[in-house]
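A.B. asks: Just to be clear, the model below is a prediction. Sequence and coordinates:
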Amino acid sequence: MSTKTAMLLVATTLVACGPSDPTDSSLTAEATDVAQSALSSRVAADLTFVRQEEKLARDVYLALNEKWGRPIFSNISQSEQQHMDVMASMLSKYHLADPVAGAGRGTFVDPLLKGLYTELVARGQTSLVEALKVGADIEDLDIVDIRTRLGSSPPSDVTTVYQNLMKASRNHLRNFVKQLTVNGGTYTPTYLTLEEYQHIISTPMERGPY
């Protein structure tokens with residue numbers, strides 16, 4: 001299975017069950033300050049999956065940082081760890097089991113995510129430009145994936161967390177594309193439309209909570 005096919009499956013099939021970012025502290029506050037409310041089974045499944053998806057991003061960036069030693073991978077992996085922590089808080093708040101508790105790097109309950117991790121890391125080992133494209137692909141996918149989950153009408157606290165995660169992914173995408181340009185590469189969006197992608201890239205970094 002190709003990397004693109006695997007990532008498309010993450011964005012579609014699993015939806016049915018997408019420097020440290022300046023908005024991360026607001027995510028933690030949102031996860032702890034809002035009163036608990038009932039969740040639909042769809043929203044519960046989405047929360048569980050997003051926790052795993054943030055781990056996928058973190059684990060890939062850690063592996064690519066070991067290979068290339070570039071600040072962008074180190075910085076964004078730290079941001080993804082903060083996002084994982086926020087999602088862990090959300091799972092705890094809603095009394096949902098944590099699918100990645102105690103899991104080492106590259107270890108996932110879902111075999112599709114495990115395979116995707118292996119493919120993305122292997123692809124990112126081939127060149128720095130390809131590693132930066134892997135980062136852009138992950139953030140491209142995350143934006144579309146989280147936007148899809150917003151369509152399941154989650155409660156307001158979950159919605160705000162998702163909106164902040166999506167904003168962080170837009171900032172990460174801007175960073176990866178900037179570094180691609182510096183290193184002589186280009187990026188064509190895989191999941192966003194070209195119009196959506198160009199709008200993100202042409203607008204400034206987003207600061208503060210959503």
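C.D. replies: Perfect, thanks for sending it.
A.B. asks: use CA for all of it now, contacts and neighbours both
C.D. replies: Will do.
A.B. asks: who does the helix or strand containing Glu54 touch, helix- and strand-wise?
C.D. replies: Secondary structure assignment for Glu54, by DSSP states H and E: helix 41-68. Counting contacts by 3 or more CA pairs under 8 Å, 6 or more residues apart in numbering; DSSP states H and E, helix 41-68 is packed against helix 71-93, helix 111-124, helix 128-150.
A.B. asks: Make TSV out of the ones you listed and add mean pLDDT and distance to Pro204.
C.D. replies: Below are the helices and strands packed on helix 41-68 laid out as TSV (pLDDT from 0 to 100; distance: least, CA to CA, whole Å):
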stretch	mean pLDDT	distance to Pro204
helix 71-93	97	18
helix 111-124	95	27
helix 128-150	97	16
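A.B. asks: Would you mind giving those helices as a markdown table with distance to Ala44 added?
C.D. replies: Putting the helices and strands packed on helix 41-68 into a markdown table (distance: least, CA to CA, whole Å) gives the following:
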| stretch | distance to Ala44 |
| --- | --- |
| helix 71-93 | 8 |
| helix 111-124 | 19 |
| helix 128-150 | 11 |
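A.B. asks: Mind putting those helices into CSV with distance to Leu62 and mean neighbour count?
C.D. replies: Compiled in CSV, the helices and strands packed on helix 41-68 are given as follows (distance: least, CA to CA, whole Å; neighbours: other CA atoms under 10 Å):
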stretch, distance to Leu62, mean neighbour count
helix 71-93, 6, 21
helix 111-124, 10, 18
helix 128-150, 11, 22
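A.B. asks: Figure out which of these is closest to Leu39.
C.D. replies: The closest of those to Leu39 is helix 71-93. By CA to CA, the value is 11.1 Å.
A.B. asks: how far off helix 128-150 does the helix holding Glu54 point, in degrees?
C.D. replies: On the basis of axes from the mean of the first three to the mean of the last three CA atoms, to 10 degrees, helix 41-68 is oriented at 170 degrees to helix 128-150.
A.B. asks: which parts of helix 41-68 are buried?
C.D. replies: Counting neighbours by 16 or more other CA atoms under 10 Å, one finds that the buried residues in helix 41-68 are 42-65, 67.
A.B. asks: would you put the C-alpha positions of stretch 103-111 in PDB?
C.D. replies: The C-alpha coordinates for stretch 103-111 follow below in PDB (Å, rounded to 0.1, in the frame of the first residue of the first chain):
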ATOM      1  CA  ALA A 103       3.000   2.600  23.800                       C
ATOM      2  CA  GLY A 104       6.500   3.200  22.600                       C
ATOM      3  CA  ARG A 105       7.400   5.200  19.500                       C
ATOM      4  CA  GLY A 106       5.900   3.700  16.300                       C
ATOM      5  CA  THR A 107       3.600   1.400  18.300                       C
ATOM      6  CA  PHE A 108      -0.100   1.700  17.500                       C
ATOM      7  CA  VAL A 109      -3.100  -0.500  18.200                       C
ATOM      8  CA  ASP A 110      -4.400   0.100  14.700                       C
ATOM      9  CA  PRO A 111      -2.300  -1.700  12.100                       C
END
